[in-house]
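1. Pasting the sequence and the predicted coordinates here, then a few questions.
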Amino acid sequence: MPRHLLLIGLLTFIGSSIIVIGLISGVYKDFILNSLSDNNTVISSTDSSDASIGGHVPGYPIGDTSGTIIDPIDQVVDSQNSVVDPEKYLREFNYGRVSTTPNGTTLREFTLVASDQLVKEISPGVSYNVWTFNGTVPGPTIRATEGDVVRINFVNNGSLPHSLHTHGIHPAEMDGVFEMISPGGKFTYEFVAEPFGVFPYHCHMTPLEEHIAHGLYGVYIVDPKSPRAPADEMVMVMNGYDTDFDTENNFYTVNGIPYYYMHHPIQIEKDKPVRLYLVNMLEFDPLNNFHLHANMFNYYPSGTSLQPDELTDIISLNQGERGIMEFKYKFPGKYMFHAHKTEFAEKGWMGTFFVDDKIATRNSSQIDNSPFYDTLNNSFVTKIPQTSGARM
Amino acid sequence: MASIRNTGPLEIVVSQADINDRIQPAAIEPSNSITRLGEAKVMIPFPWIPGIPYEIGITTSDGTRFSKSVEAAALAPTPDANQALLFTSLGVYVGVIPVLIGLMWYPYIRRISIGKYSFFLSLTAGLLIFLGIDALLEVNEIVNQNLAAVFNGQALSVLVTISSFIVLLYTSERLTQRAIEKAVLKKNNHSLASSSSVGKLGKSEKSTTERQGGEIYNKSAKISSSTQEVQIQLQRYQQLLKPLTISMMIAIGIGLHNFGEGLAIGAAMLLGEVALSTFLIVGFTLHNTTEGLAIVAPIAKIERSRRMMIRRLVTMGLIAGVPTIAGTWIGGFLYSPIAAVIFLSVGAGAIFQVVYSLISWISHHQKSAPSSPLSGHVIAGFITGLLIMYLTGLLL
């Protein structure tokens, strides 16, 4: 009897093994075939769906959802607290309050207020304690002509010592390195703008990496005495944010907000020259780069020469490096530009140009050598200027 | 397509999702603001490649990033008929069939000597101790890998294990007493006095923990002056019902344990690991054939008609085996680490309660036999039990 039972047991065991293995392989085969053949599976949610995600990238699966959509690449979000308005920043050049010195030189006076207390939205929904010049990252672009006297009224409105270090040629005491400005302190930096080119300015207090990584930087442009040819001019600062303090950037941007120019393409005109002042203020990563699609550009390293160095579609910049790019588009359409260090691109450093046959609404004041336009013309400002809300 | 669940210690707002640290558009249901201990589902449309490892991250509104790695991407099973059928058959195969096969030890154990019988009883205890420890280790693994620290999983599992041990101990004592009371009442409905005495006896037995039949006999003799006949019957029922209760509790304990196994299999299916490890399932199955033996051993020596016994055995086999099916469903369709921790801990508590009953049963048996309580048979059986589980466990 026991032997009999054990035999029955064994047979049952073997039989059921075969059935189950068969079932598993059968059902699993369906899964695998499904996954191979059907890439555009739709996420179906149990609730009635009211939105979809993923549709902007051709070939990507599309999903419907009743929940919150978080899509910094494609989604436009109204923000009352964005760290900068990249639309405005792109073509905003500040020429300062202009006067003439007794010996006839042009004097340009700027005010920069440093702060380390603001918490701003640096990517939709992500807040970060940014350290700012005049409340934005990057700080305002200041611009002068070679030979002008540049006077910068610096106010430290923060809780830590800060300073202003400008690249270019100037006396040691105007270099903003050894003289720290205490919280609540003021200092006036004054020097002659030379040579012509594109330069960064930034805080030079230690820890240097911390002060720069938090956002204390901006662009300083010196035009040659005989102006460059007219062009659609814009400025781009490549930066990053280390929001979790692990000395690695979580976000990479051009002009302060990740992916901004993906959903706000930069409008440019076909066959019209574009001049781009490009500055790399990225911390932690030694190298950053810029790749322009479907085109080539003339590149002027540091902008200190009127002769281009090379014709290329990609330029790599170390920390603090910068230059001027000149190009024009031959065909209308939408073109991407991004870091060819693709990790940076996929963490926010990408954007698009939209090339149009004719842009009727273009404001002529945004073209070079236009009458200036000056948001920094008030003398001493002790209050931090409010940034206007932006769509990000 | 991926959906992940998120349990966080604080109210957080999820602002971004990424795959392999590259930002991706995503949707969060029901909302991207998640309350303390709340859950949300993050959906990231992505051309997943089956079999490739991915890291999925979310970034909260303060810029902190959390991530979790997936060893191999696979399509999550959807609860359709096919899937339910597969899970059911897996449950039957892993849980029900091996336990029933194990029950076929019954005729063999029935015929062996009291020494060998002790060997098998202690072997059962060894098997169960191993299963109990195994369950707790499994809990620990789940706690470390998948449970948010805020739940304090280890402490939770200790709490649940001890509670289930105590509650089941109490329940089994009470069930035995109830059954005896009923049986005695049926046979002796002529004497009101004896019934009340048995009622009192039940209460006093409850308040003490574990007593042997002989002591109860004495106590009842003290309490009432009922006839010798009743007492003899009482003792007979005690002898009969005690092992049945132990077997039933073993069946329930193993059932809970198998429920845990079912959860593991279902969860493995969910994570897409089954294609790689049909072997794992076969391993579980072999491992489980030993569980039938555990159920059979305590009742093997009772005088009872064979047909009654087979019916009982099959019932107990099903109690032990069928929860595996429920486990695969729950594990496969609504896996939650906290539920897994609770179920496995309840199972561990149940198993330890059974081991406790078994040990007292063995020592009772040893007392009635001339050999010493800790005989060579008992020690050999216990160690063999542990070894069998370890060795069959190696197959996994």
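-> Here it is on my side, so go on. Computed from a prediction, not measured in an experiment: that's the story for all the values here.

2. Kindly report the domain assignment for chain B.
-> Using automatic domain parsing, the domain parsing of chain B gives B:3-70, B:81-394.

3. Could you dump these into CSV and include mean neighbour count, distance to chain A and mean pLDDT?
-> Where you see a C-beta, it was placed from the backbone N, CA and C, and this is true even at glycine. Output for those, formatted as CSV (neighbours: other C-beta atoms under 10 Å in any protein chain shown; distance: least, C-beta to the nearest C-beta, whole Å; pLDDT from 0 to 100):
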stretch, mean neighbour count, distance to chain A, mean pLDDT
domain B:3-70, 18, 2, 80
domain B:81-394, 19, 4, 72
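
4. residues in contact with the residue nearest to residue B:159 when sequence neighbours are not counted?
-> Leaving aside its sequence neighbours, residue B:159 sits nearest to residue B:345 (C-beta to C-beta, 6 or more residues apart in numbering or on different chains; 7.9 Å). The neighbours of residue B:345, taking C-beta atoms under 8 Å, 6 or more residues apart in numbering or on different chains as the test, are B:135, B:136, B:139, B:156, B:157, B:158, B:159, B:160, B:161, B:164.

5. out of those, what pair is the most spread apart?
-> B:135 and B:159 (14.8 Å; C-beta to C-beta).

6. Wait, a strand at residue B:387?
-> No: applying DSSP: H, G, I helix; E, B strand; the rest coil, one finds residue B:387 to be helix, outside a strand.

7. residue contacts, it?
-> Residue B:387 touches residue B:126, counting by C-beta under 8 Å, 6+ apart.

8. residue boundaries of the helices in the stretch 101-250 of chain A?
-> A:208-213 (DSSP state H, counting those that start in this stretch).

9. quick one: low-confidence ranges for it?
-> Low-confidence regions of the stretch 101-250 of chain A, defined here as pLDDT under 70, do not occur.

10. just so I have it, where are all the strands in it?
-> A:106-123, A:126-133, A:142-145, A:149-156, A:165-166, A:186-192, A:197-202, A:217-223, A:232-241 (DSSP state E, counting those that start in this stretch).

11. The ones you listed: which one's closest to chain B?
-> When those are compared by C-beta to the nearest C-beta, strand A:126-133 sits nearest chain B, at 4.6 Å.

12. Counting neighbours, what do you get for the residue of the stretch 101-250 of chain A found nearest chain B?
-> With C-beta to the nearest C-beta as the measure, residue A:243 is the residue of the stretch 101-250 of chain A nearest to chain B, at 2.3 Å. Using other C-beta atoms under 10 Å in any protein chain shown, residue A:243 is surrounded by 24 other residues.

13. nearest residue to it other than its sequence neighbours?
-> Spatially, and ignoring its direct neighbours in sequence, residue A:243 is nearest to residue B:63 (2.3 Å; C-beta to C-beta, 6+ apart).

14. same deal with residue B:138?
-> Spatial nearest neighbour of residue B:138, excluding adjacent residues (C-beta to C-beta, 6+ apart): residue B:344 at 5.7 Å.

15. Surely the one you found is in contact with residue B:157?
-> Yes: taking contacts as C-beta atoms under 8 Å, residue B:344 lies within contact range of residue B:157: 7.4 Å.

16. Mind listing the shared neighbours of those two?
-> B:136, B:139.

17. what's the distance between the closest residue to residue A:201 other than its chain neighbours and residue A:208?
-> Excluding the flanking residues, the one nearest residue A:201 by C-beta to C-beta, 6+ apart is residue A:166, at 4.3 Å. In this view, residue A:166 and residue A:208 are 15 Å apart by C-beta to C-beta, to the nearest Å.

18. Looking only at neighbour counts, state which of these two leads.
-> The neighbour comparison of residue A:166 against residue A:208 (other C-beta under 10 Å) goes to residue A:166, with 21 against 15.

19. Does that one touch residue A:204 like I think?
-> No: at 9.7 Å, residue A:166 and residue A:204 do not qualify as touching, with contact defined as C-beta under 8 Å.

20. picking that back up, of all the strands of the stretch 101-250 of chain A, which one comes closest to residue B:95?
-> Residue B:95 lies closest to strand A:126-133 among the strands of the stretch 101-250 of chain A, at 47.9 Å (C-beta to C-beta).

21. And the strands in the stretch 51-200 of chain B, which stretches?
-> B:54-60, B:65-70.

22. Okay, and the residue nearest to residue B:159 sits in which element?
-> In this assignment (DSSP states H and E), residue B:345 forms part of helix B:337-368.

23. Repeat that for residue B:392.
-> With DSSP H and E as the test, residue B:392 turns up in helix B:376-394.

24. mind listing what residue A:119 touches?
-> Going by C-beta under 8 Å, 6+ apart, residue A:119 touches A:81, A:127, A:128, A:129, A:130.

25. Can you tell me which of those lies closest to residue B:318?
-> Closest approach to residue B:318 among those (C-beta to C-beta): residue A:127, at 57.4 Å.

26. mind listing what the closest one touches?
-> Residues near residue A:127 by C-beta under 8 Å, 6+ apart: A:81, A:119, A:120, A:121, B:61, B:62, B:63.

27. got these as CSV, with distance to residue B:16 columns?
-> What follows is the contacts of residue A:127, written out as CSV (distance: C-beta to C-beta, whole Å):
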residue, distance to residue B:16
A:81, 17
A:119, 17
A:120, 16
A:121, 12
B:61, 9
B:62, 12
B:63, 9
